[in-house]
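In: sequence first, predicted model second:
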Amino acid sequence: MALVIVTGLPCSGRTTRAKEIQRAFQARIAEFPSLGRVVRVSDDDVHTEKQAFDSQRTEKSARAAYLSAVRRALDHKSIVIADGGAGLNIKGYRYELWCAARELGIRCATELCRTWNAERIATGAVDAYTPTGLDELIARFEEPTPASRWHRPLFVMTTTQGDAGIDVSPTPLDDLWHAVTQAEVQAPKVVTAQRHATSNNSLELLDGVTQRVVAALQEQRANTPQGTVQLAVAGLAPVSLTLPAGRAFPTPARLQTLRRQFVRVYASKSEFQDLGLAHAAPEQQVAQLFAAWLQETLAS
């Protein structure tokens, strides 16, 4: 249903925000019968130690484990809150999750918030980062920006230190809820589109059947046919094709050119669209499709 990416400096009150969002969404989940759950995925779920982020060399496996956990949680009946801390402070990793959301055709929103880690260290909190790890993560933190399409819609929440203490901006829960339940879903691009199941040998199928159709059509050449002919395609039932009146019969070279065009176009389509090549009689279907395409092309 939706993915909410919660990110910020590693010294932030990010998890507090994420839990607030989780509680608010769980209270509203009954408004959408299609929703089954609200799940928050944190670093703790993949048992990531804070020391793993002390250097770029050791953090790679920790980030990969976290991103895999979020991917596993994504589905059309869930709101997934990615509260990954350091695992999401680099835009490339947020882009990966955005692509994963688009692959499934679900919504995605990003939230940014900031505060400090020093209080956690002072109290001995187990979720505090080491000074070295904190310095490394702050140096590599890439702030989300609405200029990047995988950060839209972006909700910015700040936490600042003033004379009167810590000032925390309110979480826009209503706007977040609308974004993850009612906002327009971005259509997947070709590179992220889910591929429909087709025959494993679709290209071989297209090439072989079209060769047989062309061979059957060339056998009709001696009869200089006009109008509708029944092509005796080897191994298949007769295929009907109407030749345009008043035009010369296409040459073998012309037929081969048209055949290659058809294979190129439909091999590309079969990778992303359901052409029905898993039909009980795929060869017959391809032969009829090619004959209809030839008929239209020769008449134009």
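Out: That came through fine. Numbers count the residues shown, from 1 in each chain.

In: list the buried residues in the helix or strand hosting residue 79.
Out: Using DSSP states H and E, residue 79 sits within strand 78-83. By neighbour count with 16 or more other C-beta atoms under 10 Å, strand 78-83 contains the buried residues 78-83. Every residue, glycine included, has its C-beta placed from N, CA and C.

In: next one: stretch 81-97
Out: In terms of neighbour count (16+ other C-beta under 10 Å), stretch 81-97 has its buried residues at 81-91, 93-94, 96-97.

In: from these, which ones fall inside helices?
Out: 91, 93-94, 96-97 (DSSP state H).

In: which one of those residues is nearest to residue 242?
Out: For these, the minimum distance to residue 242 (C-beta to C-beta) is 51.4 Å, reached by residue 96.

In: contacting residues around the closest one?
Out: By C-beta atoms under 8 Å, 6 or more residues apart in numbering, the contact list for residue 96 reads residue 67.

In: what pLDDT is listed against it?
Out: You'll see residue 96 listed with a pLDDT of 83.

In: then residue 111?
Out: So residue 111 comes in at 59 (pLDDT).

In: same thing with the one 10 residues further on?
Out: According to the model's per-residue confidence, residue 121 sits at a pLDDT of 71.

In: and the gap between the residue nearest to residue 249 when sequence neighbours are not counted and residue 228?
Out: Distances taken as C-beta to C-beta, 6 or more residues apart in numbering place residue 221 nearest to residue 249, at 5.6 Å, with adjacent residues excluded. Relative to residue 228, residue 221 is positioned 16 Å away (C-beta to C-beta, to the nearest Å).

In: before we move on, back to that, and the buried residues of strand 78-83 as TSV, adding pLDDT and distance to residue 30?
Out: Below are the buried residues of strand 78-83 laid out as TSV (pLDDT from 0 to 100; distance: C-beta to C-beta, whole Å):
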residue	pLDDT	distance to residue 30
78	90	15
79	91	13
80	92	19
81	91	18
82	89	23
83	84	23
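
In: now, which of those sits nearest residue 133?
Out: Within those, the smallest distance to residue 133 is 17.8 Å, found for residue 83 (C-beta to C-beta).

In: the spatially closest residue to the closest one that is not a sequence neighbour: neighbour count?
Out: Nearest residue to residue 83 in three dimensions, chain neighbours excluded: residue 18, at 3.7 Å (C-beta to C-beta, 6+ apart). Here the number of neighbours of residue 18 (other C-beta atoms under 10 Å) works out to 23.

In: remind me which helix or strand residue 18 belongs to.
Out: helix 14-28.

In: pLDDT score for the spatially closest residue to residue 34 that is not a sequence neighbour?
Out: Excluding the flanking residues, the one nearest residue 34 by C-beta to C-beta, 6+ apart is residue 77, at 6.6 Å. pLDDT recorded at residue 77 is 87.
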